[in-house]
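Q: Build me a structure from this.
(one chain, ligands or ions: 2)
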Amino acid sequence: MPTTFTIKTYGCQMNERDSEALACLLEMHGFQEVHQEAEADVMIFNTCSVRDQAERKVLGKVGLMKRLKRERPDLVLGIIGCMAQRRGESLLQELPHLDFVAGTDQLQNVPRLVEECLARKGRPCAVEMGPGVFRELDGHRPGRLIAEVSVMRGCDQFCTYCIVPFCRGREKSRPIPDIVEEARMLAETGTKELLLLGQNITAYGVSEARARGEYTPEYSAFAELLEALQEVPGIQRIRFTSPHVRFMNRRFVEAVSSLSKVCPSFHVPLQSGSDRILKLMHRNYTAAEYLDRIQALRERLPQATFSTDIIVGFCSETEEEFEMTHEMMRKVGYDMAYIFRYSQREGTQAAKTLPDDVPDDVKHRRNQILLEELARHVKAANAAAVGTLAQVLVEGPSPRNPRRWCGRSLTNKMVLFSPDPALTPGTLADFRIVHATENALYGEPARTTPPCA
Ligand code: 5AD
Ligand code: SF4
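A: Ligands and ions are numbered 1, 2, ... in the order given. Below you'll find the model as predicted:
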């Protein structure tokens, strides 16, 4: 009987992707994935540190495992990912029933750590940061229509609120040929759409170019990567997350607006609409520069949609400064936004130098106002889509209502429709939008009239 494992994932898409790669790696080492915790011999928690709440959630969950471990002493429990990197050994001290800890650059060693735990050779803690961990981590579940591809790791931006540079280390980018090879392999197993991942993806290749002395403000290795992926047969669509305004130069704008496979929907984190707050956050752009980049994309791609990340209640944010963020939301008209209340993270520049002085109830209220603004815009934008045509990549039954099928439009809108034998998963088809709600568009296949004989 093979040893079984489960991985529970918290946090961002990068973690989702790491968990997928780790599951493939563990299977290569003879372990077998199960989806019921009760059936697992090894339970791994892939964790997030970005907000305090994310860490508390995992600590609560792993804390609950104490009883289970008493009943099943052979069970192996491990914490990996950002919180493992940040807290290291101290997790083993805090949680006596925890067996191992592996940091963000140690995923390739997890099979060995698990073996050590199964052989009762101690409670390993591996958190060293090292170069190049990608080779061993290119495993994918076969047959995914939409596949995530991690093109770089780490972050060199050091936004003052952010723990990521401490959890994931310095920026490291994979060579273009490796990524193209992975994309070809994915296309051969049925992938139609790529979602490229990087914490600071527009800085793809920048640290390597700097080291070679080749970096200029008009340089964009990311544009080169997109151009290379455009040529991969079978791949129909390319998306990516998350760009940083500082690196969205002319070269980048030209590439994303001229390459036919790059989808016209962009996630561009704003964080704040106030220049003073942006400066305190160390974002390296002003609200006007941000709008200028959005405008540049909109001029070339009038149909483009935008989504964003916003933090409310950052240190010393006044009501007027919050209103500037609100105003930016109105100006850009986001189709989706993640809105966060500022959470102080130990070790960051903000935690060291700026008091977390916006009261919780104010953070809550500001959050609520922006959520309402978002809902208003999305409702109006979706209603305006009724009557238009949308190209959809058919995915299959909707997870919420299997009697309907779903897929995403080029602009990343969920489109629901009645199942149709001609519309198999992976088909690209045009739909006429006949109805809209805040959450989805409802479409009917757009039947084109055959040309006259
Ligand atoms: N508090 C609140 N939100 C944060 N984010 C990052 N760090 C913090 C923090 N300390 C948000 C940012 C980022 C997203 C991934 O998480 O908006 O873009
Ligand atoms: Fe969370 Fe950031 Fe780590 Fe992703 S990279 S899991 S968002 S701390």
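
Q: show me where pLDDT drops low in this protein?
A: 131-136, 448-453 (pLDDT under 70).

Q: all strands for the stretch 251-400 of the chain, in order.
A: Along the stretch 251-400 of the chain, counting by DSSP state E, counting those that start in this stretch, strands occupy 265-267, 305-312, 336-341, 389-397.

Q: Now mean neighbour count and distance to His364 too, for those, in JSON lines please.
A: Where you see a C-beta, it was placed from the backbone N, CA and C, and this is true even at glycine. What follows is these, written out as JSON lines (neighbours: other Cβ atoms under 10 Å; distance: least, Cβ to Cβ, whole Å):
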{"stretch": "strand 265-267", "mean neighbour count": "21", "distance to His364": "24"}
{"stretch": "strand 305-312", "mean neighbour count": "22", "distance to His364": "9"}
{"stretch": "strand 336-341", "mean neighbour count": "18", "distance to His364": "7"}
{"stretch": "strand 389-397", "mean neighbour count": "19", "distance to His364": "35"}
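
Q: okay, those strands in TSV with distance to ligand 1 next?
A: Listed next are the strands of the stretch 251-400 of the chain as TSV, based on distance: least, Cβ to the nearest ligand atom, whole Å:
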stretch	distance to ligand 1
strand 265-267	9
strand 305-312	3
strand 336-341	4
strand 389-397	25
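
Q: any chance of those strands in CSV, with distance to Arg51 too?
A: Compiled in CSV, the strands of the stretch 251-400 of the chain are given as follows (distance: least, Cβ to Cβ, whole Å):
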stretch, distance to Arg51
strand 265-267, 18
strand 305-312, 10
strand 336-341, 7
strand 389-397, 30
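
Q: So which of those is nearest Arg237?
A: Closest to Arg237 of the strands of the stretch 251-400 of the chain is strand 389-397 (Cβ to Cβ; 6.4 Å).

Q: Name the residues that touch the helix or strand harbouring Cys117?
A: Taking DSSP states H and E as the criterion, Cys117 maps to helix 110-118. By Cβ atoms under 8 Å, 6 or more residues apart in numbering, the residues outside helix 110-118 that reach it are 3, 5, 22, 25-26, 28-29, 31, 41-42, 44, 76, 78, 80, 99-100, 102, 106, 122-124, 126.

Q: now these: which count as buried?
A: The neighbour-count test (16 or more other Cβ atoms under 10 Å) marks 3, 5, 22, 25-26, 31, 41-42, 44, 76, 78, 80, 99-100, 102, 106, 123-124, 126 as buried among the contacts of helix 110-118.

Q: In helices, which of the residues you listed fall?
A: Leu22, Leu25, Leu26 (DSSP state H).

Q: thinking the first one is in contact with His140, fair?
A: No: if you go by Cβ atoms under 8 Å, Leu22 and His140 don't touch, sitting 11.8 Å apart.

Q: Get me the contact residues on the chain for ligand 1.
A: Val50, Arg51, Tyr161, Cys162, Pro269, Gln271, Asp309, Ile311, Phe340, Tyr342, Ser343, Arg345 (Cβ under 6 Å from any ligand atom).

Q: Could you verify my assumption that the third one touches Gly313?
A: It refers to Tyr161. No: at 10.8 Å, Tyr161 does not count as touching Gly313 under the criterion of Cβ under 8 Å.

Q: More neighbours: which of those two?
A: Just comparing Tyr161 and Gly313: by other Cβ atoms under 10 Å the higher neighbour count belongs to Tyr161, 26 against 23.

Q: Where does the more buried one sit, in terms of helix or strand?
A: Residue-wise, Tyr161 maps onto no helix or strand under DSSP H and E.

Q: With Asn46 instead?
A: Element membership for Asn46, per DSSP H and E: strand 42-47.

Q: Show residues contacting that strand.
A: Strand 42-47 has contacts (Cβ under 8 Å, 6+ apart) with 3-11, 15, 18-19, 22, 31, 37, 54-55, 58, 61-62, 65, 75-84, 110, 114, 117-118.

Q: Mind doing that once more with 7 Å?
A: 3, 5-11, 15, 18-19, 37, 58, 61-62, 75-84, 114 (Cβ atoms under 7 Å, 6 or more residues apart in numbering).

Q: got it, and stretch 88-96?
A: Val62, Ile79, Ala84, Leu98, Val101, Arg123, Cys125, Val127.

Q: Can you report how many residues lie near Gln53?
A: 11.

Q: which residues touch it?
A: Neighbours of Gln53 in contact, by Cβ under 7 Å, 6+ apart: Ser343.

Q: Surely it is in a strand?
A: No: Gln53 sits outside any strand when classified using DSSP: H, G, I helix; E, B strand; the rest coil, being helix.

Q: Which ChimeraX command selects the buried ones in the contacts of stretch 88-96?
A: A single ChimeraX command selects the buried members of the contacts of stretch 88-96 (16+ other Cβ under 10 Å):
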select :62,79,84,98,101,123,125,127
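
Q: what pairs with Gly407 across the strands?
A: Beta bridges link Gly407 to Val394, Val415, judged by DSSP bridges.

Q: That one reaches Pro397, doesn't it?
A: No: Gly407 is not in contact with Pro397 according to Cβ atoms under 7 Å; the separation is 10.9 Å.

Q: Near ligand 2, which residues of this structure are found?
A: Residues of the chain lying near ligand 2 (Cβ under 6 Å from any ligand atom): 11-12, 14-15, 48-50, 82, 163-164, 167-168, 199.

Q: Mind doing that once more with 5 Å?
A: For the chain, the contact set with ligand 2 under Cβ under 5 Å from any ligand atom comprises Gly11, Cys12, Asn15, Cys48, Ser49, Val50, Cys82, Val164.

Q: Which ones among the residues you listed lie within helices?
A: Judged by DSSP H, the residues of the chain next to ligand 2 include Asn15, Cys82, Val164 as members of helices.
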